[in-house]
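>>> Dropping a prediction and its sequence here:
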Amino acid sequence: MRIASGIALASIVSLCGMAADAHARPGADFGVFCVRGRLALDQRRIEELKTAHGDDVCRLDQDATEAGARSKIERLGGVGASCTCP
């Protein structure tokens, strides 16, 4: 009984972790995007973002590291700041 409970708990914890990492792709660059007029940081491909948010999405910059991408997005006003696609 304890083993079954432990396995069930481990499965739930594992599934929660998978949901939290759903937007992360190992080895993918971090993109600075304009999504519906707001700055966003994401590892998804632009095609995935367009599927999720419509055609009002463009990539403004990217970086191989999250820290680098965050620095770039901060120079543009920070996550959620106003933006326009060229």
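Looks like it came in fine. Residues are numbered from 1 along each chain as shown.
>>> Okay, strands next: where are they in this structure?
30-35, 38-42, 57-63 (DSSP state E).
>>> Need these in JSON lines (columns: distance to Gly78 and mean neighbour count).
Bear in mind the C-beta positions are built from the backbone N, C-alpha and C, glycine included. JSON lines is the format used below for the strands of the chain (distance: least, CB to CB, whole Å; neighbours: other CB atoms under 10 Å):
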{"stretch": "strand 30-35", "distance to Gly78": "11", "mean neighbour count": "22"}
{"stretch": "strand 38-42", "distance to Gly78": "7", "mean neighbour count": "18"}
{"stretch": "strand 57-63", "distance to Gly78": "13", "mean neighbour count": "17"}
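>>> Determine which of these approaches Pro86 most closely.
strand 57-63 (6.8 Å; CB to CB).
>>> in its sheet, what does that closest one sit against?
strand 30-35 (antiparallel) (DSSP bridges).
>>> List the neighbours of the partner strand that are in contact with it.
Contacts of strand 30-35 from elsewhere in the structure, counted by CB atoms under 8 Å, 6 or more residues apart in numbering, are 39-44, 46, 49, 53, 56-66, 68-70, 72-73, 76, 83-85.
>>> I'd like the strands of the chain as TSV, with mean pLDDT appended.
Listed next are those as TSV, based on pLDDT from 0 to 100:
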stretch	mean pLDDT
strand 30-35	97
strand 38-42	97
strand 57-63	96
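>>> Can you pull out the low-pLDDT segments for this protein?
1-27 (pLDDT under 70).
>>> hey, where'd the helices end up in it?
Secondary structure of the chain (DSSP state H): helices at 2-20, 46-53, 66-75.
>>> which other helices and strands contact the shortest one?
Applying 3 or more CB pairs under 8 Å, 6 or more residues apart in numbering; DSSP states H and E, one finds that helix 46-53 contacts strand 30-35, strand 57-63.
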